[in-house]
Structure formats: C-alpha cells, structure tokens
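**Q** how would this look folded up:
(chains A and B)
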Amino acid sequence: MAGIEEEPVSLAEAPVRSLSMIEAINDALDIMLERDPDVILLGEDIGYFGGVFRATAGLQQKHGKTRVFDTPISEGGIIGVAVGMGAYGLRPVPEIQFADYIYPGLDQLISEAARLRYRSAGEFIAPMTVRSPFGGGIFGGQTHSQSPEALFTHVSGLKTVVPSTPHDAKGLLISAIEDNDPVIFFEPKRIYNGPFDGYYDKPTKPWKGHPGARVPEGYYSIPLGKAHTVRSGSAMTVLAYGTMVHVAEAVCRDKGVDAEIIDLRTLVPLDIEAVENSVEKTGRCLVVHEATRTSGFGAELAALVQERCFYHLEAPVERVTGFDTPYPHSLEWAYFPGPIRIGEAIDRLMEA
Amino acid sequence: MAKAATSDSGTTASGPARDSSDQAGGDNFELRSLQDSFESEKRYTASQDELIGFYKQMLLIRRFEEKAGQLYGLGLIGGFCHLYIGQEAVAVGLQSALQEGKDSVITGYRDHGHMLAYGIDPKVIMAELTGRQAGISHGKGGSMHMFSTEHAFYGGHGIVGAQVSLGAGLAFAHKYRDDGGICLAYFGDGAANQGQVYESFNMASLWQLPIVFVVENNQYAMGTSVKRSSAETEFYRRGTAFRIPGIAVNGMDVLEVRRAAEVAFAHVREGNGPVLLELNTYRYRGHSMSDPAKYRTREEVQGVRETSDPIERAKAELAGMGVDEETLKQIDKDIRAAVAEAADFAEKSPEPDASELYTDVLVESY
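**A** Numbering: from 1, shown residues only, chains lettered A, B, ... in the order given. Have a look, this model is predicted:
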C-alpha cells in the first residue's frame, strides 16, 4: 500500500454533493440497507426518533421496522444479539449512543465478537459494525466525552476505524459494513456538523465548502487500513485521526510549519507503511489524540515509529494527548489537546 | 464480620444464599402483597405544616429547574442538563420519609431534584451546573455527577442503570454494619431494561438487602416510549422472578408517594428484603436540554400539566385546608429569591483553577 499518495477517485463520474458527516453517515447506511437485505440497524432511539445525533433519521420510515429498529437500553444485550445475528449471516450495524456507554457490551465484544472466528477456526464469524459517537469538545463531562479507542485496538480480532471527514465517513462505513470482521466505528461527534479546529472560542464553520465534505452520490468504499495524507510536507510528520486531524491542520497552517499530516483513518489495521515512509522522509514525528496519554494509541504509534524509523529520527517522538484524568466537565479546554499544546510540541520537535 | 449481611449459615462453602424456606414470602410469595396494604390507605395524612413543607420543596425544585433551563439557554450551563420538572412529587414524597443520617440515596443523571429534596444548598448545585469551583464537585462533575457525603447522597450517575448495582452494594453495607439504614436506589423506565438491574435484583433478594428500588417511570427513555422499548410495561412486576414485591404508585401525588414510601420502607426496615416501587410520573421538558421532544405531542404534555400537576394538586389541597393566597404567594416569592440567589452565585463564582484537573484522580497527588 502506498499510503502517502492521494487515493484514486474511483467514482469520478458520480455527482458530488456537500454533506455534513452526519448526512454522509446517514447516506452510507441508506445505501447499504438498499444494497444488502442482510444489513440491519439497531440501537437506542435510532428507529422512530432517528438517533440522538440524527444519524439514522428517516431510515426506519424508508426501510421499515424490521430493518431499522429501537432497542431497550441494554448495551450488553445489543452487542450480544448482534453477535448472534452476524454468526447466522446477517450484517448488523448496532449503534451505541455514546462510546461512553459501550462498556456493558465489552464482554460480548471481546469474548464473543472478537474471538468467535479464532476459536471456531474460521467456521463462524461475527461481522458487525458498532457505530458509536465518541470524543469530547461538547462539554459532556466524564460519561459523554471519552475516547476509548485504545481499549479496542488492544483486542485482537477487532478492527477500529475513526473517520475525520464526511467523505471518509461514508466510504469507510461502507467498507466496515462489508467487512467480515467486527468493526468498531467511532464517529467524532464534535465534527459531525463542522470541521472543528480546536479554536473553541470561535464559531465552528459548517462542513460546506470543506474539501472533505465533497461526497459522491451512491456507493463507494474506502479500504480499511489505508491512511490519507492530508497535506504533504518535509519538516515533520503529524499522525492524527478524527477531530485532531483538523486541529493539527489548523495549527500547522497558523504556524507556517511544513508538516506532513497523516490521517490514519483506521487504527487496526494500521497503514504502517504510510507512517514509515513519511517519518523516514521528515525525521520528526508528532502524535496527537484526545484520549488519555498512558497506554493510549499514541504510545503504540511512538513505539512503532522508533522500532522502524529509529535511525531516521532527528528528535524524540512527541505526543500531545488528553491528560491522565477522567474527562472533566469544566476545564474541558485545558484537558483537550488544543492548538496551544500542539504548537508547543511542534516547537520542541523543531528545536530538537 | 460485624453483623453479617447474610444468614448465619451463609459462612459455609455454599455461600451466603438462604435456604429455600427463607425465601421472601416463602412459598406464598405474592407480587402484590404490599400493594394491597397500600391500597387500603392510599394517601398519607399530612398536617398542614407537613404539606406546606412538601409544597415548598416541590416548588423549589420546579423553580430551580426553570432557572437552570434559562441559564442553559444563556450558555452559562453547557453540555448535558436533564430537568426534573413534572417529577417533583417523587423525590419529595419518598425522601421525606427517609431517616436522614441513617439512610442512603443513589440515582441516575436526572439528579438535581433528589439533591434539592435532601435540602442541599441550591447555590452549590447550581454552581456545579455552571462548572464553578464552588460547585459541589468543584465543577468537575457537572449536572449528572453530583454527590454529598454529608447527606449520604451517593450521586448522580451518567451511565444509565449503572447506579442500581451500586445501590445494592450500599444496602449490603447498611446490613453488614447493622446501622439500621436502608438504600433508596432510583432509576428510570429506560434503565429498567439494563441487565445489571436484574443481577442486582437477584442479589438484593437473595441476600435480603435493605433496599427500595424505585422506577421513576416518566414514560419515555429519551425519545423512546415505554411501549416501544419494554415487553413488560408495568414495571412494579419486574421483580416477580426474584420474589421482590412491587407497588404501583401515582407519582404525581406527593401524599400517595409518601404513603407508598411508608409501606415500602417499613417492610424493608423489618428485614424482609427489597421492595420495588414503580412511580408513574411525567417529565414536562425534553429528555435533556438538547431534546426537542418531537416523539410526543404538545397536547399530551399539556394534558398532563393541566390535569395531574403535582404542585398544583398540593396547592389546591393547601387552599382547601385554609391556607390563604397571600401565604402561598409569599412562599413562591421566597423561593424565587432563593433560586435567583443561587443563579447569581453560580454565575459569579470563579471557574476552577487548572490545577484542579489533576486533583482527586487517585489518592496520591500527581
């Protein structure tokens, strides 16, 4: 995989619209419900109400109550039922309303969904795409703001995806639903309706006009395990995903740093070649994520970079992350790895 | 062990289970055994002073929540904010029957009313909503995550249903310490479908824990009505499989709630194990401030407001007892002043220092 190149636009002819991330996700779900009768959406408030963030708005009306339906508030049960559906040949797409609510379903995800293929020597699989809004920046306090991706990347047998634009969200979600393994699809809720760049005191612009909001109509997919180079540069490599792609981009733009920003898009499988090629070129690496620092996915990235690119490095790998605290209610912007902390890390890297 | 939470035979390898003859109600378990004694005298007989007390507390909750809604609209409260408007009689009726300093309370994220019903200072609650240092959790918990050790109020929990198991643990501790206390564990009709609720029911009944499970059935789990999410919509029956007697209560009448509390608490205090109360109530506002409530009609909400409002009911009753209009007006005036003061305090208090970010993460400081 040559991860640092722009991927070919496979649907050059398809008409392109400007969509928000929520609309793009809704579009992907709609298309997959249309294409594959085995696709089923289930979750809390997703049917009649259309989802708390409106990701499934209108889908029950269009595809009926047997394909798109409400569940009780029972996360363990939702994931467990999805494992059974998947093992029987369906393609369930359960929504967990907030990533913070996923923990009651961990037993089913880890011990059942992720492990069924291995322990049945490939006889049984549990394809499912667990969609879940995640991340902070909405003043949600400790139970509505977390970024628990590293819990899932630590589990062999699961794939973990985090899109950063409407275009990617649609293509990656379609790939996830078609994938024969269980996929955790974390949707950064702060950028559902606009590419938030970390400047919380300024109004967030809507997606309209952003290149990542140009979403082709109809079916297309973006392969899992392929990173996207958001911008090329030679001074350093910035590894990010989700909301932090936009924050990193804004900081690099404002500071005039010639950074190469790589949006990982999927954490497992990871496009390590893209990372390696870039760091070998730039010699410097900054990792940014919202999640807490210790044992965060940044630790894995930093380890991989030093294993593979050690003799190309001009400076120690830097991490800018959430602090090792529960997600605070007030002090949110102190916790959030915003432009100031990213800017300081960039300075340290360039001075080293 | 102090007094074991289990029977004497519970120290054997077979664990703390009781033998079958000890089971709640023995062979004669009846789901509605307490309902019948409740029905025989359905409303608490309150003195005029007592009813004025209930009225004041309910009105304080209502006015506090209205103000919180306004502050939210002004951007002074951010994130999530779940108002208790419409459900006031539940917290007030139940908690007025608790023995303060002895009993414990735990609830979900719609927790402002339960704290106010406990007499916790509205100023420190409102300051928590605005995320200030003076807030009861120093602004770090926010609307959904508030606690008071002084009042044995164990939160304030943002994860739906998770607090119910904690409540069983609190009840275990009451029994273990033999302190005579009981735990009041609130949850909603939505949370009633979480698996861990039933794991807790089983343990509480198996170990005869002093706990009153309270389903505040406000008819909607966020945007999903009870009928769309629940196979058994009569929640008081949900303990049947665990031999937990249930009582269905009109949660819009503070005197009926109080009377149900007396029946339930007496049963639990006598060592008979848990009781499940279903309080039928209604929230007038959306699930949270960001919910436009499009899953129900305006007429439905208006209908409940006009016919069943718990505060209007108490007010009419007070008038019937001869309390004059002037007194009632003065009460409202005083409460509005207290709430305005709380809002002012919450607005003017400083935000927490950045160093608070790292306090209380672990016992040791970083």
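**Q** just the strands in chain B please.
**A** Under the criterion DSSP state E, strands of chain B are mapped to B:104-106, B:183-188, B:211-217, B:220-221, B:224-225, B:246-250, B:275-280.
**Q** wait, I meant the stretch 251-352 of chain A
**A** A:259-263, A:266-268, A:285-292, A:318-322 (DSSP state E, counting those that start in this stretch).
**Q** Then chain A?
**A** Along chain A, counting by DSSP E, strands occupy A:16-18, A:39-43, A:68-70, A:91-95, A:128-134, A:159-161, A:182-188, A:214-216, A:228-231, A:236-240, A:259-263, A:266-268, A:285-292, A:318-322.
**Q** ok so, going back, would you reformat the strands of the stretch 251-352 of chain A as JSON lines and include distance to chain B?
**A** Where you see a C-beta, it was placed from the backbone N, CA and C, and this is true even at glycine. Shown next, in JSON lines, are the strands of the stretch 251-352 of chain A (distance: least, CB to the nearest CB, whole Å):
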{"stretch": "strand A:259-263", "distance to chain B": "27"}
{"stretch": "strand A:266-268", "distance to chain B": "24"}
{"stretch": "strand A:285-292", "distance to chain B": "10"}
{"stretch": "strand A:318-322", "distance to chain B": "10"}
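**Q** got the ones you listed as CSV, with mean pLDDT columns?
**A** Formatted as CSV, the strands of the stretch 251-352 of chain A follow (pLDDT from 0 to 100):
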stretch, mean pLDDT
strand A:259-263, 98
strand A:266-268, 98
strand A:285-292, 98
strand A:318-322, 98
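**Q** For the ones you listed, could you give me a markdown table that also reports mean neighbour count?
**A** Listed next are these as a markdown table, based on neighbours: other CB atoms under 10 Å in any protein chain shown:
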| stretch | mean neighbour count |
| --- | --- |
| strand A:259-263 | 27 |
| strand A:266-268 | 24 |
| strand A:285-292 | 26 |
| strand A:318-322 | 22 |
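**Q** nearest to A:His63, of the ones you listed?
**A** strand A:266-268 (27.1 Å; CB to CB).
**Q** From the contact counts, what lies against the closest one?
**A** Under the contact definition 3 or more CB pairs under 8 Å, 6 or more residues apart in numbering or on different chains; DSSP states H and E, strand A:266-268 sits against helix A:149-153, strand A:159-161.
**Q** how far does the last one sit from the chain's center?
**A** The one in question is strand A:159-161. Here strand A:159-161 is found 7 Å from its chain centre; the criterion is CA atoms, centre = their mean, to the nearest Å.
**Q** who in the stretch 51-200 of chain B is up against chain A?
**A** By CB under 8 Å from any CB of the partner chain, the residues of the stretch 51-200 of chain B that approach chain A are B:78-80, B:109, B:131-132, B:137, B:139-145, B:157-162, B:190-191, B:193-196.
**Q** can we see that at 7 Å?
**A** Selection of the stretch 51-200 of chain B residues close to chain A by CB under 7 Å from any CB of the partner chain yields B:78-80, B:131, B:139-142, B:144-145, B:158-161, B:190-191, B:193-196.
**Q** One more: the stretch 201-350 of chain B?
**A** The stretch 201-350 of chain B comes close to chain A at residues B:221-224, B:228-230, B:295, as judged by CB under 7 Å from any CB.
**Q** just these now: which is nearest chain A?
**A** Checking those against chain A with CB to the nearest CB, the nearest one is B:Gly223 at 3.4 Å.
**Q** what sits against A:His289?
**A** A:147, A:244, A:296-298, A:321 (CB atoms under 7 Å, 6 or more residues apart in numbering or on different chains).
**Q** again, only this time at 8 Å
**A** A:147, A:149, A:240-242, A:244, A:296-298, A:321-322, A:337 (CB atoms under 8 Å, 6 or more residues apart in numbering or on different chains).
**Q** Now tabulate those in a markdown table and tack on distance to B:Met126.
**A** Output for those, formatted as a markdown table (distance: CB to CB, whole Å):
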| residue | distance to B:Met126 |
| --- | --- |
| A:Ser147 | 30 |
| A:Glu149 | 35 |
| A:Ala240 | 38 |
| A:Tyr241 | 38 |
| A:Gly242 | 34 |
| A:Met244 | 34 |
| A:Gly296 | 35 |
| A:Phe297 | 38 |
| A:Gly298 | 38 |
| A:Thr321 | 33 |
| A:Gly322 | 28 |
| A:Pro337 | 30 |
